[in-house]
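In: based on what follows, work out the 3D shape:
(chains A and B)
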There are 2 protein chains.
Amino acid sequence: MALVVQKFGGSSVADADGVKRVAKRIAATKRAGHEVVVVVSAMGDTTDELIDLAEQVSPMPPARELDMLLTSGERISMAVLAMAISNLGLEARSFTGSQAGVITDSSHGRARIIDVTPGRIRSALDEGAIAIVAGFQGVSQDTKDITTLGRGGSDTTAVALAAALKADVCEIYTDVDGVFTADPRIVPTARKISRIASEEMLEMAACGAKILMLRCVEYARNYDLPIHVRSSFSPHEGTWVTDSPVPEAFKTHQTGEEPVEQPIISGVAHDRSEAKITVVGVPDNPGTAAAIFTAVAEAEINIDMIVQNVAAGASGRTDVSFTLPKSEGATATAALEKVKPAIGFERLEYDDQIGKVSLIGVGMRSHPGVSATFFDALGTKGINLEMISTSEIRISVVTRADQLDDAVRAVHTAFGLDAEGEAVVYGGTGR
Amino acid sequence: MALVVQKFGGSSVADADGVKRVAKRIAATKRAGHEVVVVVSAMGDTTDELIDLAEQVSPMPPARELDMLLTSGERISMAVLAMAISNLGLEARSFTGSQAGVITDSSHGRARIIDVTPGRIRSALDEGAIAIVAGFQGVSQDTKDITTLGRGGSDTTAVALAAALKADVCEIYTDVDGVFTADPRIVPTARKISRIASEEMLEMAACGAKILMLRCVEYARNYDLPIHVRSSFSPHEGTWVTDSPVPEAFKTHQTGEEPVEQPIISGVAHDRSEAKITVVGVPDNPGTAAAIFTAVAEAEINIDMIVQNVAAGASGRTDVSFTLPKSEGATATAALEKVKPAIGFERLEYDDQIGKVSLIGVGMRSHPGVSATFFDALGTKGINLEMISTSEIRISVVTRADQLDDAVRAVHTAFGLDAEGEAVVYGGTGR
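Out: The predicted model follows:
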């Protein structure tokens, strides 16, 4: 008997039929002899509909109340899922984040989990019940107010609960078959990855692969918890994210063999969510760059890549460019305009027509030819590179947004990742 | 400064515009210098929609999970209402039943409040905030599970919180102007009652007047808490349910005068929700009636009126009739069929085409002519009376269902309750 945490996203429980399908899947796991904890998101578009409702009564709803509102979405899905499981003859009990012991800080809308005390979940399991837990939500340690973890928070709930319960595996069910070598909507010949190291998955998530959120992968890595990303629409094995061997009880006969050799490259990620700010005409003095990035950091903006041009001739001035999430563009621009007199730069340029392509693989460490192949593939396709950044296991470049798809395909082909025929993807949205 | 508890039903907050209208009303009370606690029901048809959803996944959903599901309705309305109030520049904080300290027993779907510990509400008030509380819900003392109080439970939440907080008044906002001398849909000349004694209101509620639930009136009576039933669609004074003087701070200039003389009759209530079971051919032995009603009581059925015919001649057999809620007809019939061999009656007759009309007024105690006028009014209209029951301040009779409206109008007119012109009723449904 193992303890399995299963997380089902909103698209898996979009309507009553989806809920019933998921209930059957959970029941099968329970009947196979495992203890089962289920984490569920709000049904379908519920969260967006609740946000619409909030906007109808207030342009700037208080964060505490927005969290109270949004958490009703999971309350609905978890109760309905528990009912559907009961209807199959098994006992299921639903628990809010607060009841499940998900303790967070008080940052409404983007709370961080600081402790998990799953006493009631453990009791439910001990009594033979399936525990259904609301994803995405917790209760603040100080004020006892209801909090939300932000988008993608249900994955983090699942991994945090799995870690606290010392689960054998955390299964993340989604509407695609697993993690692919590239987004199959851009690269139809992308292959499903059967197993990926957690540090590679971290880089994939940080570089725009939306299948798992960064925080969730970090959490699993810290607790050495195997994650199995798979489709709720098919029985096939998905992608294992783990640095340890795949637990024997959860290998399926389809694709359960350990790979003979670790591939050099795991996959190609891309990101369209970033913009670039160029600070033009910066005086080339010591400390000026620090002043720029201090101003941005104080506005709590996460910047990604940075390029500083060499000072051009006698002018004594240079340009500094950096990338950041588009959603933070206005805040960053305002913060920089405020320090313009003090720093003495000429102007700001804002460019949201950029894309980022990243190549990820632990094999890069020992294969020095990787970057040459990468740049050659992009150069052959006539793709201009505006910024470059690298880590030990990653190369990222910024291109024009309209060249991004070509760039992803060129790199995917150059590293021999293309499968024969098209990848099989279940479900529609690919989220 | 007074402490006011205001309760708004689902029809008052059916959509964003309704929520904003209610928010303005609450803000006005707060700006008048009062402490304000608001109890709110789920928006519009939310509860029915959630029940539909439950039925789609399970024909018999577990009661615990149904409560978890249904309580999401108030969670939505209370958060949205708090946002709308914040948007008017006042601080509002929403609280679930559990957070508000509404402690109940464990009877899911029809839990009874056993304690109210409103510490967090009191703190919110002390900090100058308006507290918004989810109606209809609590948390069970033993299992810490979420419970619901059953239909109409939000009124009880409001009164129980008002009692625990020692509020000066509990305002129940609805979509009609107050309590009327009869249902204005049947008697267009019915008048709004400006003040009614709690024991009269209890009888009205017990006899089918749907404006306040019986439990809520009982609770207020036990704590000597004035209830003010009024419309959320108009500023007019509604109906005061209280045995003490109306609090000075809440009298309005429109109709604030105390009545010079207590009227003999307060109003006419009617009820279409009951059915009649006749047990035919009951052996006329001591203990037989007891055996019948024991069987019914053990099935947890609330019976209302009882008639036993005098034994007819040599047969030694009699008939026993009683009324009960139509919703419990099938259960009662089954329970009686089971004891048929033991009791030895001939057969059961089930009749759901009955109506009940009740005349209520504390003045009956000292005016012996009331029942004569009552029966004369019905007799003149040719209305046949099938059962009769009385209390000190009430007369009720059962008629054919299709004669009920005529009966209500005849009695209303006979006691001089008709107003000149039609009553003004705001809102649509009259619930």
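In: nearest residue to the middle of chain A?
Out: residue A:213 (1.9 Å; Cα atoms, centre = their mean).
In: touching, that residue and residue A:154? I think so.
Out: No - counting by Cβ atoms under 8 Å, residue A:213 does not reach residue A:154; the two are 9.2 Å apart. For the C-beta atoms, the positions are set from N, CA and C on the backbone; glycine is no exception.
In: still on that earlier bit, confidence score at the residue nearest to the centre of chain A?
Out: For residue A:213, the pLDDT comes out at 85.
In: OK, contacts around it?
Out: Under the criterion of Cβ atoms under 8 Å, 6 or more residues apart in numbering or on different chains, the neighbours of residue A:213 are A:151, A:152, A:153, A:155, A:156, A:205.
In: for residue A:73, same thing?
Out: Here residue A:73 is in contact with A:41, A:42, A:43, A:46, A:47, A:50, B:72 (Cβ under 8 Å, 6+ apart).
In: in what helix or strand does the last one lie?
Out: In this case it means residue B:72. helix B:63-86 (DSSP states H and E).
In: counting contacts, what elements does the helix or strand that that helix is followed by pack onto?
Out: Heading C-terminal from helix B:63-86, the first helix or strand you meet, by DSSP H and E, is strand B:92-95. Counting contacts by 3 or more Cβ pairs under 8 Å, 6 or more residues apart in numbering or on different chains; DSSP states H and E, strand B:92-95 packs against helix A:63-86, helix B:63-86, helix B:119-126, strand B:130-134.
In: just these: most buried one?
Out: Sort the helices and strands packed on strand B:92-95 by mean neighbour count, taking mean count of other Cβ atoms under 10 Å in any protein chain shown, and strand B:130-134 sits at the top with a mean of 29.
In: name every strand pairing with it and say which way it goes.
Out: strand B:35-40 (parallel), strand B:92-95 (parallel) (DSSP bridges).
In: who are the packing partners of the helix or strand bottoming out on mean pLDDT in chain A?
Out: Within chain A, confidence by mean pLDDT, DSSP states H and E is lowest for strand A:306-308 among all helices and strands, at a mean of 83. If contacts are counted by 3+ Cβ pairs under 8 Å, 6+ apart, strand A:306-308 sits against strand A:317-325.
In: how about the strands paired with strand B:130-134 in TSV, adding mean neighbour count?
Out: As requested, those are exported to TSV (neighbours: other Cβ atoms under 10 Å in any protein chain shown):
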stretch	mean neighbour count
strand B:35-40	29
strand B:92-95	26
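In: ok, how many other residues are close to residue A:88?
Out: 16 (other Cβ atoms under 10 Å in any protein chain shown).
In: surely it meets residue A:27?
Out: Yes - at 4.7 Å, residue A:88 and residue A:27 qualify as touching, with contact defined as Cβ under 8 Å.
In: the helix holding residue B:72 vs helix A:63-86, what angle?
Out: 160 degrees (axes from the mean of the first three to the mean of the last three Cα atoms, to 10 degrees).
In: got a list of what the residue of the stretch 201-350 of chain A found nearest chain B touches?
Out: Proximity of the stretch 201-350 of chain A to chain B (Cβ to the nearest Cβ) peaks at residue A:232, 16.0 Å away. Contacts for residue A:232 (Cβ under 8 Å, 6+ apart) come out as A:8, A:9, A:12, A:21, A:22, A:25, A:173, A:174, A:175.
In: looking at the residues you listed, which is nearest residue A:188?
Out: Distance to residue A:188 across the contacts of residue A:232 (Cβ to Cβ) is lowest for residue A:175, with 17.4 Å.
In: around chain B, pick out the residues from the stretch 101-250 of chain A.
Out: Within reach of chain B by Cβ under 8 Å from any Cβ of the partner chain, the stretch 101-250 of chain A has these residues: A:120, A:144.
In: change it to 10 Å
Out: Proximity of the stretch 101-250 of chain A to chain B, by Cβ under 10 Å from any Cβ of the partner chain, involves residues A:120, A:132, A:134, A:139, A:143, A:144, A:145, A:146.
In: tell me the contacts of the first one?
Out: With contact taken as Cβ atoms under 10 Å, 6 or more residues apart in numbering or on different chains, residue A:120 is in contact with A:93, A:95, A:99, A:100, A:101, A:131, A:133, B:143, B:144, B:145.
In: can you check the fourth one too?
Out: When contacts are counted by Cβ under 10 Å, 6+ apart, residue A:139 touches A:71, A:96-104, A:111, A:145-147, B:99.
In: these in helices, which ones?
Out: Among the contacts of residue A:139, DSSP state H puts residue A:71 in helices.
In: which SSE is residue A:216 in?
Out: Short version, using DSSP H and E: residue A:216 is in helix A:214-222.
In: list the buried ones in that helix?
Out: A:214, A:215, A:216, A:217, A:218, A:219, A:220, A:221 (16 or more other Cβ atoms under 10 Å in any protein chain shown).
In: can you pull out the helices in chain A?
Out: A:16-31, A:46-57, A:63-86, A:119-126, A:153-164, A:198-206, A:214-222, A:288-298, A:329-343, A:370-380, A:404-414.
In: quick one: the shortest one to strand A:35-40, angle?
Out: Orientation of helix A:119-126 against strand A:35-40 (the same axes, to 10 degrees) gives an angle of 130 degrees.
In: and the residue of the stretch 101-250 of chain A closest to chain B?
Out: residue A:144 (7.5 Å).
In: contact partners for that residue?
Out: By Cβ under 10 Å, 6+ apart, the contact list for residue A:144 reads A:98, A:103, A:106, B:99, B:120.
In: check residue A:165 too.
Out: Contact analysis of residue A:165 by Cβ under 10 Å, 6+ apart lists A:3, A:5, A:35, A:37, A:116, A:118, A:121, A:122, A:125, A:131.
In: if I look at it, what pLDDT would I see?
Out: Residue A:165 is given a pLDDT of 97.
In: cool, and residue A:323?
Out: Per-residue pLDDT puts residue A:323 at 94.
In: just for the stretch 151-300 of chain A, where's the confidence low?
Out: By pLDDT under 70, the low-scoring segments of the stretch 151-300 of chain A are A:252-262.
In: strands along the stretch 151-300 of chain A, start to end?
Out: Listed in chain order, the strands found in the stretch 151-300 of chain A under DSSP state E, counting those that start in this stretch are A:169-174, A:195-196, A:227-231, A:239-241, A:267-271, A:274-283.
In: using TSV, please lay out those together with mean neighbour count.
Out: Listed next are the strands of the stretch 151-300 of chain A as TSV, based on neighbours: other Cβ under 10 Å:
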stretch	mean neighbour count
strand A:169-174	26
strand A:195-196	26
strand A:227-231	25
strand A:239-241	27
strand A:267-271	26
strand A:274-283	20
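In: would you turn the ones you listed into JSON lines with distance to residue B:324?
Out: Below are the strands of the stretch 151-300 of chain A laid out as JSON lines (distance: least, Cβ to Cβ, whole Å):
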{"stretch": "strand A:169-174", "distance to residue B:324": "49"}
{"stretch": "strand A:195-196", "distance to residue B:324": "66"}
{"stretch": "strand A:227-231", "distance to residue B:324": "53"}
{"stretch": "strand A:239-241", "distance to residue B:324": "61"}
{"stretch": "strand A:267-271", "distance to residue B:324": "67"}
{"stretch": "strand A:274-283", "distance to residue B:324": "69"}
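In: would you list the helices and strands packed on strand B:92-95 in TSV and tack on mean pLDDT?
Out: Shown next, in TSV, are the helices and strands packed on strand B:92-95 (pLDDT from 0 to 100):
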stretch	mean pLDDT
helix A:63-86	97
helix B:63-86	97
helix B:119-126	97
strand B:130-134	98
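In: closest to residue B:325 out of these?
Out: The nearest among these, by Cβ to Cβ, is helix B:63-86 at 19.3 Å.
In: and that closest one, how far out from the chain's middle?
Out: In terms of Cα atoms, centre = their mean, to the nearest Å, the centre of helix B:63-86 is found 22 Å from the chain centre.
In: and stretch A:307-327, by the same measure?
Out: Mean C-alpha position of stretch A:307-327 versus that of the full chain (Cα atoms, centre = their mean) differs by 30 Å.
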